[in-house]
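Q: Test case, fold it:
(one chain, ligands or ions: 1)
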Amino acid sequence: MLYIIGLGLGDEKDITLRGLEAVKKCQKLYIESYTSLLSFGISKDGISTLEKLYGKPLTVADREMVEEKADDMLLEAREFDVAFLVVGDPFGATTHSDLVVRAKKLEVEVKVIYNASVMNAVGVCGLQLYRYGETVSLPFFTETWRPDSFYEKIQRNRGLGLHTLCLLDIRVKEPSLESLCRGKKQYEPPSFMTIGVAIDQLLEVEQLRGELAYNEDTLCVGFARLGSENQKVVAGSMKQLRTVDFGQPLHCLTIVGKTHPVEEEMLDFYRS
Ligand SMILES: C[S@@+](CC[C@H](N)C(=O)[O-])C[C@H]1O[C@@H](n2cnc3c(N)ncnc32)[C@H](O)[C@@H]1O
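A: Presented below is the predicted three-dimensional model:
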């Protein structure tokens, strides 16, 4: 059996009882390392915190392993119980449904154990799910690559008075050449987009496009480390949030659309 298990958002304590029971009975544990991170990170220390809790070693599954070499894991799951651990929820803004499809084709039994996900950002600040439009992802700009397809989606949402949840890029660095030569992949720590960088990029695109989808006075809500003991939620204009220190990752941002009076009252608790 392949167990696909959500770990939740905060720290190692957020796995569900159902998830922990499954982990206990699995002979091999993989942890997906590229779509999110627990508040203590997927550093060696983070991994050993989980290894201590589970009493078993963990194998880090990078994008290449999950997207191109998953069959090895799936074939193992035909022989014995294997867990594939995902921070947040396995299907919360990730592509792991592809793994389920491949498992089914190989006739591997799959059980999914759900958990809290970044979707918690939707309600945490009092905005209502019914009033959200399409979610967007903001990729890190580089000197030569400045994609802006999120702009039309935000514009469309705002035209309809809807809120937009913006997920922020995680840039996973390639394993160092030296470590590959030594036959053991060693990863540099990934970079995480902050709310400040996200706002700078959003305003840069608005300035270029000039179609007035939003501006620096547009109301937003910034979220950091949702689900952890020190989560931070602040509401304010883009200009105001730009100056807030949100601290350690992960961060995400909601661009607020037309608000209901009850949403307004809730947002007031978080104003900067
Ligand atoms: C691909 S999505 C989420 C994947 C994960 N499976 C889940 O269910 O939450 C990852 C992005 O969501 C946002 N995110 C995830 N966890 C977060 C948290 N605890 N606090 C704030 N933002 C978070 C960040 O912008 C991050 O880059």
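Q: near the ligand, which residues of the stretch 101-250 of the chain?
A: Within the stretch 101-250 of the chain, the positions adjacent to the ligand are 117-118, 167-168, 170, 223-227, 250 by CB under 6 Å from any ligand atom. C-betas here are computed from N, CA, C, even on glycine.
Q: low pLDDT regions in the chain?
A: Applying pLDDT under 70 to the chain flags residues 39-46, 174-189.
Q: which residue is nearest the centroid of it?
A: Centroid-nearest residue in the chain, with CA atoms, centre = their mean: residue 36, separated by 4.3 Å.
Q: all strands of the stretch 1-150 of the chain, in order?
A: Taking DSSP state E, counting those that start in this stretch as the criterion, the stretch 1-150 of the chain carries its strands at 2-6, 28-32, 58-61, 82-86, 110-113, 136-138.
Q: And the chain, what are its domain boundaries?
A: Domain assignment for the chain by automatic domain parsing gives 2-113, 120-268.
Q: now do the same end-to-end measure for the shortest one.
A: If I follow you right, that is domain 2-113. 11 Å (CA to CA, to the nearest Å).
Q: swap in stretch 213-228?
A: 33 Å.
Q: Dihedrals phi and psi, the residue nearest to the centre of the chain?
A: phi -170, psi -180 (degrees, to the nearest 10).
Q: so what's it closest to, chain neighbours aside?
A: residue 87 (4.0 Å; CB to CB, 6 or more residues apart in numbering).
Q: wait, residue 242 sits on residue 196?
A: Yes - counting by CB atoms under 8 Å, residue 242 touches residue 196, with 5.7 Å between them.
Q: okay, the residues of the stretch 101-250 of the chain next to the ligand in CSV with neighbour count and secondary structure next?
A: Formatted as CSV, these follow (neighbours: other CB atoms under 10 Å; DSSP: H, G, I helix; E, B strand; the rest coil):
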residue, neighbour count, secondary structure
117, 23, coil
118, 23, coil
167, 21, strand
168, 20, strand
170, 16, strand
223, 24, strand
224, 23, strand
225, 21, coil
226, 22, coil
227, 22, coil
250, 25, coil
